[in-house]
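Novice: sequence and computational prediction follow.
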Amino acid sequence: MAWNSKALFWGRGWRPTGPLPLPKLDVAPLHIPRKRGVEAGWRGEALREHVNDEKKGRKEVDCYNSVGETIYRYGAVTIDGQEYISFGKYKGKMILFVNYLGKIPCPEEGGGDCAGKELAPHGLVILGFPSNQFGKQEPGENSEILPALKYVRPGGGFVPNFQLFQKGDVNGEEEQKFYTFLKNSCPPVVESFGDPKKLFWEPLKIHDIKWNFEKFLVGPTGRPVMRWCPRTNLAVVKNDIIDYMKRRAWALGARRMHHHEG
């Protein structure tokens, strides 16, 4: 079912005063929480009332509205080592950063592969960054990761449908600089670190990524918007991204209308 119903798109309490362009999001309708913001500045610094299970954390948090820098000053090397890609290449698009575990290409907890199939046509770019800091679950060399996905697990010729970058640290003294930026731009989703014997970095900091598949959404302006805990169900992540896309489309349309009326 497409997002082609005005009532479904605007939700209760949201009514345009004139015709606005509606994005066609060909994905199954999901429950949309009310009173959501549009960009980091609209969303504020408050944490939403999503409470994680046993760790009593948050499934999703909104990033700080005071971030002045953008992700575009950073970049990374592709997993084959052949190209350095500046994240400025994706200016104007939404970018989902995932510290990716190759042997689980699309887990229920929210790997990048599945979300990309439905949301890529609507301006979402997914970037994956393998790391071996969580339980030593990604021990292979960069040259081994793609062949392992294709022939071993999951096998069957599997190829990720998004860009993978070289393995590196997302926490600790040698963490990649763009991850420092992302983590400092958003509150932590979970305060507990779990079993320290499975965590391979020092020092531990409250804003650190806690496990594989923690996700950050960067908006079309290059500023972080949302952060999800590793255990967040993929449907929840997709739901939040769709909601963000709709709210942003509404705000842009309202601004155009105001400009036209002025």
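Specialist: Structure received.

Novice: tell me which stretches of the stretch 101-250 of the chain form strands.
Specialist: Chain-ordered strands for the stretch 101-250 of the chain, with DSSP state E, counting those that start in this stretch as the definition, fall at 124-128, 163-164, 215-218, 224-228.

Novice: export the ones you listed to JSON lines and tack on mean neighbour count, mean pLDDT and distance to Tyr64?
Specialist: For glycine as for every other residue, the C-beta is placed from the backbone atoms N, C-alpha and C. Formatted as JSON lines, the strands of the stretch 101-250 of the chain follow (neighbours: other C-beta atoms under 10 Å; pLDDT from 0 to 100; distance: least, C-beta to C-beta, whole Å):
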{"stretch": "strand 124-128", "mean neighbour count": "22", "mean pLDDT": "93", "distance to Tyr64": "21"}
{"stretch": "strand 163-164", "mean neighbour count": "22", "mean pLDDT": "93", "distance to Tyr64": "27"}
{"stretch": "strand 215-218", "mean neighbour count": "26", "mean pLDDT": "96", "distance to Tyr64": "12"}
{"stretch": "strand 224-228", "mean neighbour count": "26", "mean pLDDT": "97", "distance to Tyr64": "8"}
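
Novice: okay, helices next: where are they in this protein?
Specialist: Along the chain, the stretches classed as helices by DSSP state H are 6-10, 40-43, 112-119, 142-151, 177-184, 234-261.

Novice: and of the strands of the stretch 101-250 of the chain, who's closest to Glu141?
Specialist: strand 163-164 (13.3 Å; C-beta to C-beta).

Novice: I'd say Phe86 and Tyr72 touch.
Specialist: Rather than Phe, residue 86 is Ser. Yes - contact criterion C-beta atoms under 8 Å: Ser86 and Tyr72 qualify, at 7.2 Å.

Novice: of these two, who's got more company?
Specialist: A count of neighbours by other C-beta atoms under 10 Å puts Tyr72 above the other of Ser86 and Tyr72, at 17 against 13.

Novice: what's the closest non-adjacent residue to the more buried one?
Specialist: Of all residues beyond its chain neighbours, the one nearest Tyr72 is Gly88 (3.9 Å), with distances taken as C-beta to C-beta, 6 or more residues apart in numbering.

Novice: returning to that earlier point: closest to Lys205 out of the strands of the stretch 101-250 of the chain?
Specialist: Of the strands of the stretch 101-250 of the chain, the one closest to Lys205 (C-beta to C-beta) turns out to be strand 224-228, at 14.7 Å.

Novice: mind listing what that closest one pairs with, with the direction of each?
Specialist: Applying DSSP bridges to the sheet, strand 224-228 is found paired with strand 60-62 (antiparallel), strand 215-218 (antiparallel).

Novice: name the residues that touch that strand?
Specialist: Contacts of strand 224-228 with the rest of the structure, by C-beta atoms under 8 Å, 6 or more residues apart in numbering, involve 39-40, 43, 59-63, 67, 71, 110, 182, 185-187, 189, 214-219, 236-237, 240, 244.

Novice: so who does Met94 touch?
Specialist: Going by C-beta under 8 Å, 6+ apart, Met94 touches Gly123, Leu124, Val125, Leu217, Val218, Gly219, Pro220, Ile241, Tyr244, Met245.

Novice: got CSV for the residues you listed, with distance to Pro160 too?
Specialist: Rendered in CSV, the data for the contacts of Met94 read as follows (distance: C-beta to C-beta, whole Å):
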residue, distance to Pro160
Gly123, 19
Leu124, 15
Val125, 13
Leu217, 19
Val218, 19
Gly219, 23
Pro220, 23
Ile241, 19
Tyr244, 23
Met245, 23
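
Novice: which members of those are the farthest-apart pair?
Specialist: Of all pairs drawn from the contacts of Met94, the widest gap by C-beta to C-beta lies between Val125 and Tyr244 and measures 14.3 Å.

Novice: now do Lys246, the pLDDT please.
Specialist: Among the per-residue scores, Lys246 holds a pLDDT of 92.
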